[in-house]
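Asker: Got a predicted structure plus its sequence, pasted below:
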Amino acid sequence: MHFSKNVTQVQPSATLALSSKAKAKKALGLDVIDLSIGQPDFETPENIESAAIAAIKAGRVSGYTSASGLPELKQAVIDKIKSIYGVTYQQSQVLITTGAKFALYAAFQVLLNAGDEVLIPTPAWVSYVEQVKLAGGKPVAVNSLAGNFKVTVDELEAARTSKTKAVIINSPQNPTGTIYDQEDLTQIGNWAVKNDITIISDDIYNQLTYNHAESSALINISEAIREHTLLIHGLSKSYSMTGWRIGFALGPQRLIKVMSILAGHATGNPATVSQYAAIEALTGPQTSVEQMRSEFEERLNTIYPMVQALPGFELTEKPQGAFYLFPEVKNAVQMTGFDTTEAFCDELLEQKFVAVVPGRSFGMPDHLRISYAANLDDIVEGIDRINAFITGRA
Ligand code: PLP
């Protein structure tokens, strides 16, 4: 059997691999604290579950919907986007997808030819690089020289070639929690317009911001920038609906049209029952969304100083959004006698049953990612164990 060139270059998801290891240990009855996964630890809000059950009982979910999604859901997405960003899209500019992950996958498939380049501000979420490779494209990591995890136009321009087709802006950013402000986005947006580069704006953590930080957006800066931007959003993170697999893409009609054709052949419609649940999520009461957000904020404020104080951990910028910390741990790795962050993380899981993700798959091998999408007592216990692990070996 022979596999395609695109697929043989692809690495499995490091976050999924680690959380499977943690799950396997848990299944053996071990007291594992899993700080590896980007999945809110809350139940999906009750009104959303009830709406899904009601849709099942009413006999509305057994069939396909249009591959691009239910018109009522598209409208709910349009209304929500208008309320957040003040921008109105038409239904022909919206695609409902099987998670934001598939929206991104479809975007790279339709935008890239073999060898086309995508600029990826790094560190970056693990799947961007692999999805670009799956589309035959070339991921180009762009590091922020200021070390603040925000790339500038000058850094993007230095990486631009005649093959650059797209740039990904993820704000708030996974794994750092960094937010690009309006001024940053205006400069990047104008640069993209000038060079005819498509901006993939992954706003999935847009509603998860803390301590009065606010997300800015590209789509409401100017008509020209909006015409060059594909907005990616979804329900997984702010509605605690990872398992329902609902994401959205909003953008220029001609781009959404080809992505819809691709989705029609690749996945068909996202699960019909999930689409009914999504309508309730977007149009029903939003109190639980705020409750979850404020709980994440409390966790961040509690654990940020604790992680900063861990021996050999460097964490200067306090995250403003998402639910991760991304400390540099080079000194901790050295102090404990390991050669790599991967070896440090492996042994931490083996000895102290704490799962965190090494930074290499986010593009920064001297960092690691701690997710605070777990209950606060567990996170605090996890950090205590990391402390004991380091001091026990140093
Ligand atoms: N984008 C980012 C930055 C993410 O962190 C994730 C999930 O971890 C996704 C997109 C995909 O989310 P989903 O497919 O669950 O909607």
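Answerer: All right, it came through fine.

Asker: Output the longest helix belonging to this protein.
Answerer: helix 287-308 (DSSP state H).

Asker: okay, stretch 133-143 in PDB with CA atoms only?
Answerer: Extracted C-alpha coordinates of stretch 133-143, given in PDB (Å, rounded to 0.1, in the frame of the first residue of the first chain):
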ATOM      1  CA  LYS A 133       0.500  20.300   4.700                       C
ATOM      2  CA  LEU A 134      -2.600  18.200   4.000                       C
ATOM      3  CA  ALA A 135      -3.700  20.700   1.400                       C
ATOM      4  CA  GLY A 136      -0.200  20.400  -0.200                       C
ATOM      5  CA  GLY A 137       0.700  23.900   1.000                       C
ATOM      6  CA  LYS A 138       3.800  25.000   2.900                       C
ATOM      7  CA  PRO A 139       3.500  26.300   6.400                       C
ATOM      8  CA  VAL A 140       5.800  29.200   7.200                       C
ATOM      9  CA  ALA A 141       6.300  29.900  10.900                       C
ATOM     10  CA  VAL A 142       6.700  33.600  11.700                       C
ATOM     11  CA  ASN A 143       8.000  34.200  15.200                       C
END
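
Asker: Quick one: mean pLDDT over it.
Answerer: Mean pLDDT, computed over stretch 133-143, is 97.

Asker: before we move on, what about stretch 190-208?
Answerer: The average pLDDT within stretch 190-208 is 97.

Asker: Name the residue of the chain that lies nearest to the ligand.
Answerer: Closest residue of the chain to the ligand, CB to the nearest ligand atom: Gly99 (2.7 Å). (C-beta placed from N, C-alpha, C; glycine too.)

Asker: Relative to Phe248, how far out is that residue?
Answerer: Distance of Gly99 to Phe248, given as CB to CB, to the nearest Å: 10 Å.

Asker: anything in contact with each of the two?
Answerer: Common neighbours of Gly99 and Phe248, counting by CB atoms under 8 Å, 6 or more residues apart in numbering, are Gly234.

Asker: For these two, indicate the residue with more neighbours.
Answerer: With neighbours defined as other CB atoms under 10 Å, Gly99 and Phe248 compare such that Phe248 has more, 29 against 22.

Asker: Let me see the contact set for the more buried one.
Answerer: Applying CB under 8 Å, 6+ apart, the residues near Phe248 are Val77, Val94, Leu95, Ile96, Thr97, Ala100, Ala103, Leu231, Ile232, His233, Gly234.

Asker: switch to 10 Å and redo it
Answerer: 69, 73-74, 76-78, 80-81, 89, 94-97, 100, 103, 203-204, 231-235, 270, 278, 282 (CB atoms under 10 Å, 6 or more residues apart in numbering).

Asker: From those, which land in strands?
Answerer: When the contacts of Phe248 are checked against strands (DSSP state E), the matches are Val94, Leu95, Ile96, Thr97, Leu231, Ile232, His233, Gly234.

Asker: just checking: which of those also lie near the ligand?
Answerer: Filtering these for proximity to the ligand by CB under 6 Å from any ligand atom leaves Gly234.

Asker: need the ones in strands among the contacts of Phe248 in a markdown table with neighbour count and pLDDT, can you?
Answerer: Formatted as a markdown table, these follow (neighbours: other CB atoms under 10 Å; pLDDT from 0 to 100):
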| residue | neighbour count | pLDDT |
| --- | --- | --- |
| Val94 | 25 | 98 |
| Leu95 | 29 | 98 |
| Ile96 | 28 | 98 |
| Thr97 | 28 | 98 |
| Leu231 | 25 | 98 |
| Ile232 | 23 | 98 |
| His233 | 25 | 98 |
| Gly234 | 29 | 98 |
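
Asker: Which helix or which strand is home to the residue nearest to Gln207 when sequence neighbours are not counted?
Answerer: Using CB to CB, 6 or more residues apart in numbering and skipping residues adjacent in sequence, the residue nearest Gln207 is Ser238, 4.1 Å away. Secondary structure from DSSP states H and E places Ser238 outside every helix and strand.

Asker: Ser238 is in contact with Ala281, isn't it?
Answerer: Yes: under the criterion of CB atoms under 10 Å, Ser238 makes contact with Ala281 at 9.0 Å.

Asker: Compare these two and say which is more crowded by neighbours.
Answerer: Taking other CB under 10 Å, Ser238 and Ala281 do not tie; Ala281 has more neighbours (28 against 22).

Asker: quick one: contacts for that one?
Answerer: Residues counted as contacts of Ala281 (CB under 10 Å, 6+ apart) are 44-45, 47-48, 51-52, 73, 76, 80, 235, 238-241, 244, 246, 274, 288-289.

Asker: before we move on, the earlier item: quick one, what contacts the residue of the chain closest to the ligand?
Answerer: Here Gly99 is in contact with 105, 204, 234-236, 241-247, 267, 270, 274 (CB under 10 Å, 6+ apart).

Asker: Enumerate the residues of the chain near the ligand.
Answerer: Neighbours of the ligand within the chain, by CB under 6 Å from any ligand atom: 38, 99-101, 125, 170, 174, 202, 204, 234, 236, 242, 247.

Asker: Grab the most central residue of the protein for me.
Answerer: The geometric centre of the chain, computed from its C-alpha atoms, lies nearest to Asn174 (CA atoms, centre = their mean), at 5.4 Å.

Asker: For it, list the residues it contacts.
Answerer: 15, 38, 123-128, 202, 204-205, 237, 321-324, 326, 362, 369, 371.

Asker: end-to-end on stretch 187-203?
Answerer: Start and end residues of stretch 187-203 are separated by 18 Å (CA to CA, to the nearest Å).

Asker: Now it: buried residues?
Answerer: Using 16 or more other CB atoms under 10 Å as the test for burial, stretch 187-203 gives 187-193, 197-203.

Asker: same deal with stretch 44-62?
Answerer: Within stretch 44-62, the residues that count as buried by 16+ other CB under 10 Å are Thr44, Pro45, Ile48, Ala51, Ala52, Ala55, Val61.

Asker: Can you name the residues that contact the third one?
Answerer: Meaning Ile48. Counted by CB under 10 Å, 6+ apart, Ile48 has contacts 235, 239-241, 244, 274, 276-282, 284-285, 288.

Asker: Which pair in those has the greatest spatial separation?
Answerer: Using CB to CB, the contacts of Ile48 span at most 19.0 Å, a distance reached by Ser274 and Pro285.
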